[in-house]
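In: Starting from these lines, generate the structure:
(chains A and B)
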Amino acid sequence: DAGVIQSPRHEVTEMGQEVTLRCKPISGHDYLFWYRQTMMRGLELLIYFNNNVPIDDSGMPEDRFSAKMPNASFSTLKIQPSEPRDSAVYFCASSPGLAGAQTQYFGPGTRLLVL
Amino acid sequence: EDKVVQSPLSLVVHEGDTVTLNCSYEVTNFRSLLWYKQEKKAPTFLFMLTSSGIEKKSGRLSSILDKKELFSILNITATQTGDSAVYLCAGRGGKSSGDKLTFGTGTRLAVRP
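Out: Have a look, this model is predicted:
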């Protein structure tokens, strides 16, 4: 299995631009999570999905952030408009679900720099 | 609000030393506690602890959970330079909280030759 796949791996953009991060979870995993990691705040959960349905988006910083999961094998996290304080590493993770969940498997992350 | 606190924030030791990393948690409908190791990339899973007092062991690493005092420790014996990483602790909420993980800010461990 290829594991969780994220793209792009690095993104540099200018303030005000739209940024779209992509994630392909491990096949068969029912849960998908988006995290943001910064030096100041550590790893923070932004939103998670169960069977493609958003369950908890209380971690999404503000309306500039949105996430979708149109099918079981794809999710996006969009920032519009982006701001310098959004600079961070964004991780996507998936897990096989409550019944058999042992852990979350993380993707390699997208390093975002907003100038 | 769920909270996970790790200590120390950073630690520098020499190869061969034994280290103990601490994690305290306040998690609604607590289900389990997880430890991850993060080097220069994504976190990788180490342990999941569900029951108090039962030590989990993997090579030189071991971990135990105390659900009464709401903390866990991660021990690394005979440390090696390859153990240098950030160690993350996360508390997992129960079914009514979905499968949320709340992470601590991590302990940065540096092992010197």
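In: Just give me the neighbour total for residue A:94.
Out: The burial metric for residue A:94, expressed as a neighbour count using other C-beta atoms under 10 Å in any protein chain shown, is 26. Backbone N, C-alpha and C define where each C-beta goes, glycine included.
In: Looking at strand pairing, list the partners for it.
Out: On the basis of DSSP bridges, residue A:94 takes part in beta bridges with residue A:32, residue A:105.
In: And the next helix or strand past the lowest-mean-pLDDT helix or strand in chain B?
Out: Among the helical and strand segments of chain B, the one scoring lowest on mean pLDDT, DSSP states H and E is strand B:101-103, with a mean of 87. Using DSSP states H and E, the helix or strand that follows strand B:101-103 towards the C-terminus is strand B:107-112.
In: Spell out whether that next one and chain A are in contact.
Out: No: residues of strand B:107-112 contacting chain A under C-beta under 8 Å from any C-beta of the partner chain: none, with a closest distance of 10.4 Å.
In: Please name the residues that touch residue B:11.
Out: Each residue near residue B:11 by C-beta atoms under 8 Å, 6 or more residues apart in numbering or on different chains is listed here: B:19, B:21, B:107, B:108, B:109, B:110.
In: for the last one, what are its contacts?
Out: The neighbours of residue B:110, taking C-beta under 8 Å, 6+ apart as the test, are B:10, B:11, B:12, B:13, B:84.
In: doesn't residue B:76 make contact with the last one?
Out: This means residue B:84. No: using C-beta atoms under 8 Å, residue B:84 makes no contact with residue B:76, being 10.7 Å away.
In: which residues are common contacts for those two?
Out: Counting by C-beta under 8 Å, 6+ apart, the residues touching both residue B:84 and residue B:76 are residue B:109.
In: on that earlier part again, closest to chain A among the contacts of residue B:110?
Out: Distance to chain A, by C-beta to the nearest C-beta, is smallest for residue B:10 among those, at 12.1 Å.
In: Next, count neighbours for residue 27.
Out: Because you didn't say which chain, this covers chain A. Residue A:27 is surrounded by 10 other residues when neighbours are defined as other C-beta under 10 Å.
In: look at chain B instead
Out: The tally of other residues near residue B:27 (other C-beta under 10 Å) stands at 21.
In: and it, how far is that from residue B:42?
Out: Applying C-beta to C-beta, to the nearest Å, one obtains 22 Å for the distance of residue B:27 from residue B:42.
In: same thing with residue A:92?
Out: For residue A:92 relative to residue B:42 (C-beta to C-beta), the value is 9 Å.
In: what residues do those two have in common as contacts?
Out: Common contacts of residue A:92 and residue B:42 (C-beta under 8 Å, 6+ apart): A:106, A:107.
In: The two: who's more crowded?
Out: Using other C-beta under 10 Å as the criterion, residue A:92 and residue B:42 rank with residue A:92 on top: 29 against 21.
In: What is the neighbour count of the nearest residue to residue A:81 once chain neighbours are set aside?
Out: Residue nearest to residue A:81 in three dimensions, not counting chain neighbours: residue A:16, with 4.5 Å by C-beta to C-beta, 6 or more residues apart in numbering or on different chains. Neighbour count for residue A:16, taken as other C-beta under 10 Å: 10.
In: mind checking pLDDT for residue A:16?
Out: Residue A:16 is assigned a pLDDT of 96 by the prediction.
In: what separates it from residue A:79, distance-wise?
Out: When distance is defined by C-beta to C-beta, residue A:16 is 11 Å away from residue A:79.
In: which sections of the chain are below the confidence cut-off?
Out: Just so you know, I chose chain A. Across chain A, the stretches falling below the confidence threshold (pLDDT under 70) are A:1, A:97-102.
In: I was thinking of chain B, sorry if that wasn't clear
Out: For chain B, the stretches with pLDDT under 70 are B:94-99.
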